[in-house]
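In: Based on what follows, work out the 3D shape:
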Amino acid sequence: MRYLGKRLEELRIVDFSPEQEGKIYFGAWVEIENDEGEQKTLRIVGVDEIYDHHPQNISIDSPMARALLSKQVDDEVEVITPLGKKLWYINTIRYEKPENSAN
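Out: All right, here's what the predicted structure looks like:
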């Protein structure tokens, strides 16, 4: 309870800003694809939100999110993983939940 009380003091709502249009920032839903045709839909969230059992949520502090920030559709994103570098391409960016998304 003490931990949650302290976290509540630090929380703030981050609203969409028109300057974000077309670029990836906090709260964005991003569809990415690699050369093998693997596709992922991810949402960049705060560290406290990744534990909500939403496999699409990634922490803003993760290597993937840091690589995606400020990028646009059709940009290439290089992500350093434990298995080496992976290259992803950005297909879509939106700030509303995709209609075909689970949950």
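In: Find the nearest non-adjacent residue to the spatially most central residue of the chain, please.
Out: Nearest residue to the geometric centre of the chain (Cα atoms, centre = their mean): residue 44, 2.4 Å. Spatial nearest neighbour of residue 44, chain neighbours left out: residue 65 (4.8 Å); criterion: Cβ to Cβ, 6 or more residues apart in numbering. Heads up, the C-betas are built off the backbone N, CA and C, glycines and all.
In: show me the contacts for that neighbour.
Out: Residues near residue 65 by Cβ atoms under 8 Å, 6 or more residues apart in numbering: 42, 44, 58-59.
In: Give me the mean pLDDT for the helix or strand hosting the residue nearest to the centre of the chain.
Out: Residue 44 is part of strand 39-45, with elements assigned from DSSP states H and E. Here strand 39-45 scores 94 as its mean pLDDT.
In: buried stuff in it?
Out: Within strand 39-45, the residues scored as buried using 16 or more other Cβ atoms under 10 Å are 41-45.
In: any idea how far residue 37 is from the residue nearest to residue 44?
Out: With distances taken as Cβ to Cβ, to the nearest Å, residue 65 is found 22 Å from residue 37.
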